[in-house]
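>>> What follows is a predicted protein model with its sequence.
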Amino acid sequence: AIATALTLACNRAVDLFPRGPAALLEAPYCMGARRFSPFCFTTFQYLDAVRCLCVVLLMIVASGYRPRITALFHAWISVGFAVVSPVINGGDQVTAILTLLLLPICFADPRRWHWQRASMALSVGPNARVVAWTALLLIRLQVAIIYFHAALGKTANRDWVNGTALYYWVQHPLVGSAMPVKSALLSLLSNGTLLGISTWSVIALEFLLGFALFFARPFQLALLIGGVLLHVGIAIVHGLPSFGLAMMAALTLYLGNFREPKWDTSHA
């Protein structure tokens with residue numbers, strides 16, 4: 001929620017939904033079912049007001065208040081933004097998918113604040129528990145596929161295989177590093193051994209994250225820390241904090257130590 005709020009708060013509507021001769025289509029794309037996006041309920045001149053309203057709603061979501069209710073707004077905004085804006089990144093796509101899969105979990109959550117520990121005072125029926133835990137399993141499978149696909153895709157690229165890809169990504173004209181980060185990184189990556197180790201370690205970590213569900217809990221915790229550090233690095237190197245936050249949230253859902261509490265089902 002914070003990642004999407006940052007994206008909406010730090011960019012004007014004209015940047016998020018570009019229009020004019022350079023655009024193939026005039027955004028937001030409100031065709032078909034996309035017209036139910038919150039960004040399709042008004043004309044372009046009022047989109048900045050809608051953007052600000054969405055930021056407020058997302059911060060309420062992030063506050064943890066009434067997850068059973070706010071999860072619906074979270075999914076509506078996240079999916080609504082991902083399907084109508086042409087300038088989204090992978091983090092926005094991941095957020096859209098995960099907020100939809102979180103709905104069954106949050107609908108089964110009767111807490112006032114999601115910071116409260118689940119306890120026997122909470123009454124949740126067995127059917128709701130089964131649906132919620134199934135949704136969590138689907139989330140974990142989705143995140144596993146994301147990392148496996150990312151690693152597998154890199155093995156088909158010559159620069160990743162020969163260990164030089166990071167050198168080129170740092171200098172990428174669109175998502176490369178800004179000065180002075182670029183200067184420092186290029187100085188380090190000019191060492192061939194360090195460059196190769198850094199490049200191949202990304203592929204190795206993503207492969208391990210793709211199979212993390214099969215590992216023992218201590219190794220999963222190590223991979224969770226490694227994954228978070230990877231995305232902190234991506235946020236710093238490529239200037240993509242919203243992507244980093246979204247993927248850290250995905251990793252938490254993927255490798256968090258979730259255990260079913262002893263729910264009180266006497267009123268179910």
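Here it is on my side, so go on. Residues are numbered from 1 along each chain as shown.

>>> Which other helices and strands does the one helix or strand residue 138 maps to contact?
Assigned by DSSP states H and E, residue 138 belongs to helix 126-154. Helix 126-154 sits against helix 90-107, helix 192-210, helix 241-255, with contacts defined as 3 or more C-beta pairs under 8 Å, 6 or more residues apart in numbering; DSSP states H and E. (Glycine included, C-beta is placed from N, CA and C.)

>>> Specify the angle between it and helix 192-210 in degrees.
Using axes from the mean of the first three to the mean of the last three C-alpha atoms, to 10 degrees, the inter-axis angle of helix 126-154 relative to helix 192-210 is 150 degrees.

>>> Which parts of helix 126-154 count as buried, going by neighbours?
128-129, 131-132, 135-136, 139-140, 142-144, 146-148, 150-151, 154 (16 or more other C-beta atoms under 10 Å).

>>> before we move on, what about stretch 42-52?
Those would be 47, 50-51, for stretch 42-52 by 16+ other C-beta under 10 Å.

>>> what's the angle from the helix or strand of the chain with the lowest mean pLDDT to helix 192-210?
Within the chain, no helix or strand scores below helix 181-189, which has a mean of 86 by mean pLDDT, DSSP states H and E. Angle, helix 181-189 to helix 192-210, by the same axes, to 10 degrees: 100 degrees.

>>> If you count contacts, what does helix 181-189 end up packed against?
helix 165-170, helix 192-210, helix 217-238.

>>> Can you say which of the ones you listed is nearest to residue 82?
Among the helices and strands packed on helix 181-189, the nearest to residue 82 by C-beta to C-beta is helix 217-238 (18.8 Å).

>>> How far does that closest one sit from its chain's centre?
Centroid displacement of helix 217-238 relative to its chain, using C-alpha atoms, centre = their mean, to the nearest Å, is 14 Å.

>>> Could I get the buried residue list for it?
220, 223-224, 227-228, 230-231, 234-235, 237-238.
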